[in-house]
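Q: Generate coordinates for the sequence data below:
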Amino acid sequence: MRTIARTLATLAAAALFSSSALPALAYTQEQQWELNVGQQYYQQLRQQGKIVSSSPYYAKLDPIAHRIASVADKQYFVPFHFYLVNDSQPNAFAVPGGNVYVTTAMMTFARNRQELAGVLCHEVSHDIHHDVYHLAVKNQQLSMIAGIASLLVGHSQIGQFLVGTGAQLQSLSYSRPVESNADRTGAFICAAAGENPWGMVWLFKRFESRPSGVPLEMLSDHPRDDHRVTDLENLFASNPGTFGRFSSNVRTATPL
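A: Okay, here's the model as predicted:
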């Protein structure tokens with residue numbers, strides 16, 4: 001464990017922002033590591049001009065993100081922030097430290113408010129569960145913070161850029177239990193925020209029948225979509241007090 005701790009401390013020190021640049025709060029080692037990783041990643045995206053500072057899409061994203069954050073913020077050690085990024089693949093991913101990135105392609109791919117909300121609820125759950133940190137601890141060969149981007153964004157253009165910086169990282173993917181936990185937590189977050197969690201099911205079903213190609217990151221290298229659909233349907237049926245008020249009929253969805 002000491003070797004892993006020293007490795008993580010080295011990774012955190014490699015972030016563009018040192019701990020002295022952060023607010024004078026008492027963070028745990030895990031929290032400090034996540035903050036440094038998140039700031040490193042944000043700076044790389046900003047320097048490459050990937051972050052979209054102004055777009056009509058924010059008028060659609062912000063109200064949904066605000067409702068989700070009102071629930072998710074209570075479960076994480078820092079508030080969540082949501083950013084649009086330029087990328088040709090429909091994608092969304094949460095980076096340690098509370099930043100959630102949504103590609104501009106995702107804003108046109110999601111057919112309704114509920115599908116977009118479902119993606120966001122799933123992604124914030126990964127931060128709430130500290131999944132990237134735990135995977136980094138398990139993988140002692142992790143050598144560069146930038147390499148974490150390949151885990152987060154798969155084969156998107158952003159991911160390819162960061163991998164192209166020279167970072168060498170063993171390919172990782174979330175396990176089925178990790179993804180299932182994110183689906184479950186995400187469903188409860190959506191419900192608590194007043195967003196229909198059936199949006200996740202609708203999106204998964206769309207990807208089940210999608211032609212082969214580069215999938216959404218939250219679905220790539222992950223458990224089969226039909227298994228996740230079944231797991232969510234069982235969750236909704238077993239918790240009618242939480243989910244019974246939401247319709248499973250996609251025709252009730254709210255267009256973006």
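
Q: Please pull out the lowest mean pLDDT helix or strand from the protein.
A: helix 2-13 (a mean of 33; mean pLDDT, DSSP states H and E).

Q: Now the helix or strand that that helix is followed by: buried residues?
A: For helix 2-13, the following helix or strand on the C-terminal side (DSSP states H and E) is helix 29-47. By neighbour count on 16 or more other C-beta atoms under 10 Å, the buried set for helix 29-47 is 30-42, 44-45. C-beta here means a position set from N, CA and C on the backbone, and glycine is covered the same way.

Q: And those, which is closest to residue 188?
A: If you rank the buried residues of helix 29-47 by distance to residue 188 using C-beta to C-beta, residue 34 comes first, at 21.9 Å.

Q: OK, contacts around that closest one?
A: Contacts for residue 34 were tallied using C-beta atoms under 8 Å, 6 or more residues apart in numbering; they are 96-97, 127, 130, 132-133.

Q: which one is it nearest to, not counting chain neighbours?
A: residue 96 (3.5 Å; C-beta to C-beta, 6 or more residues apart in numbering).

Q: Verify the contact between that neighbour and residue 132 for me.
A: Yes. Using C-beta atoms under 8 Å, residue 96 makes contact with residue 132 at a distance of 5.0 Å.

Q: Please enumerate the helices of the stretch 51-200 of the chain.
A: Using DSSP state H, counting those that start in this stretch, the helices assigned to the stretch 51-200 of the chain run over residues 58-72, 104-109, 113-128, 131-138, 148-153, 157-163, 176-192, 198-208.

Q: Just name the most buried of the ones you listed.
A: Of all these, helix 113-128 has the most neighbours on average by mean count of other C-beta atoms under 10 Å, namely a mean of 26.

Q: what about the nearest residue to residue 128 once chain neighbours are set aside, neighbour count?
A: In space, and not counting its chain neighbours, residue 128 is closest to residue 75: 4.8 Å by C-beta to C-beta, 6+ apart. Look at residue 75: counted by other C-beta atoms under 10 Å, it has 15 neighbours.

Q: ok, so what distance separates residue 75 from residue 117?
A: Distance, residue 75 to residue 117, using C-beta to C-beta, to the nearest Å: 16 Å.

Q: Residue 179 now?
A: Noted for residue 179: a distance of 18 Å to residue 117, by C-beta to C-beta.

Q: if we can go back for a sec, pLDDT and distance to residue 26 added to the contacts of residue 34, as a markdown table?
A: Output for those, formatted as a markdown table (pLDDT from 0 to 100; distance: C-beta to C-beta, whole Å):
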| residue | pLDDT | distance to residue 26 |
| --- | --- | --- |
| 96 | 94 | 18 |
| 97 | 96 | 16 |
| 127 | 96 | 19 |
| 130 | 95 | 17 |
| 132 | 87 | 22 |
| 133 | 88 | 18 |
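
Q: ok, so of these, who is nearest residue 236?
A: Nearest to residue 236 among the contacts of residue 34, counting by C-beta to C-beta, is residue 127 at 23.5 Å.

Q: tell me the pLDDT at the residue lying closest to that closest one once chain neighbours are set aside?
A: Take residue 127 and drop its neighbours on the chain: the residue closest to it by C-beta to C-beta, 6+ apart is residue 94, 4.7 Å away. For residue 94, the pLDDT comes out at 92.

Q: cool, residue 229 as well?
A: In this model, residue 229 carries a pLDDT of 89.

Q: mind listing what the residue lying closest to residue 202 once chain neighbours are set aside touches?
A: Among residues not flanking residue 202 along the chain, residue 250 sits closest, at 5.1 Å (C-beta to C-beta, 6+ apart). If you count contacts by C-beta under 8 Å, 6+ apart, residue 250 has them with 112, 198, 202.

Q: Same list, these, but as JSON lines with pLDDT and distance to residue 245 please.
A: Converted to JSON lines, the contacts of residue 250 look like this (pLDDT from 0 to 100; distance: C-beta to C-beta, whole Å):
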{"residue": "112", "pLDDT": "97", "distance to residue 245": "18"}
{"residue": "198", "pLDDT": "98", "distance to residue 245": "11"}
{"residue": "202", "pLDDT": "94", "distance to residue 245": "17"}
